[in-house]
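# Have a look at this prediction, sequence included:
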Amino acid sequence: MRRLWICVAIGICAGCAPSPRAYVDPKPLHGPWTIALLPLADYSTNRDAPDRLAPMIQEELLKHQNMVAVETGRVEAALAKDPWMLTDRIPPDIVDSLGTSLDADGLLVGSVLAYGYRSEDGDAVPEVSLSLRLIQVPGGRVLWSAVHHRDGDDRETLFGLGRVTGLERLAEQTVRELMSTFPDVRPGVNTTSGTGKENP
């Protein structure tokens with residue numbers, strides 16, 4: 001009976017667990033698609049947050065088929081030539097120039113809203129909040145956007161089951177869950193970007 005109640009509690013918690021809020025453009029993407037992840041804007045209290053989260057996002061991008069991620073070094077070099085401080089608020093002309101220089105079909109931009117620990121009843125509870133958008137090149141149309149927030153105790157059940165105490169682990173879960181809403185790229189002709197690129 002005790003085991004049954006634990007299972008019920010876990011099931012209730014899973015049903016109440018936070019999920020990413022996402023928008024996906026109804027028009028399907030056809031690839032291969034080349035995407036450049038721009039440096040994340042940091043609105044958290046942790047200066048290392050973008051450097052911690054960006055590799056996780058890049059790793060999740062590479063799991064999608066028919067998709068190529070531009071190397072971080074190339075993105076940094078392009079931004080050095082055409083600098084823009086607010087990388088989460090890029091005007092259309094900068095979107096087009098960056099996309100052209102990187103030969104990218106889309107730019108992935110976003111911001112870290114929270115990354116650290118908060119105090120709750122004397123305990124340090126990790127929290128991660130992240131927002132991302134996929135912007136079409138050229139034109140700047142938003143093809144996908146998502147925001148996700150996780151607390152280390154938001155899936156905690158009886159006896160502390162489901163609690164996450166490590167910030168890095170919580171960040172990995174947050175990024176993985178957020179990126180699970182990312183649109184699939186179908187094989188075929190890429191007509192969304194207007195380049196007409198075809199599969200080799």
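Looks like it came in fine.
# isn't residue 66 right up against residue 32?
Yes - using C-beta atoms under 8 Å, residue 66 is in contact with residue 32, at 5.0 Å. Heads up, the C-betas are built off the backbone N, CA and C, glycines and all.
# What ranges does this protein have for its helices?
In the chain, the helices defined using DSSP state H lie at 2-16, 49-62, 72-81, 92-102, 167-179.
# can you list the weak-confidence ranges in this protein?
For the chain, applying pLDDT under 70 flags the ranges 1-17, 83-86, 158-160, 189-200.
# 90 instead, please
1-18, 28-32, 64-65, 78-95, 97-98, 119-123, 139-140, 153-163, 165, 185-200 (pLDDT under 90).
# related to what we said a few turns ago, now the helices of the chain in a markdown table, please, with extra columns for mean neighbour count and distance to residue 39.
Shown next, in a markdown table, are these (neighbours: other C-beta atoms under 10 Å; distance: least, C-beta to C-beta, whole Å):
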| stretch | mean neighbour count | distance to residue 39 |
| --- | --- | --- |
| helix 2-16 | 11 | 34 |
| helix 49-62 | 17 | 6 |
| helix 72-81 | 14 | 7 |
| helix 92-102 | 18 | 12 |
| helix 167-179 | 19 | 16 |
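# Residue 129: which of the ones you listed is closest?
Among the helices of the chain, the nearest to residue 129 by C-beta to C-beta is helix 167-179 (7.9 Å).
# Packing partners of that closest one?
Secondary-structure packing of helix 167-179 (3 or more C-beta pairs under 8 Å, 6 or more residues apart in numbering; DSSP states H and E): helix 49-62, strand 106-120, strand 123-136, strand 142-151.
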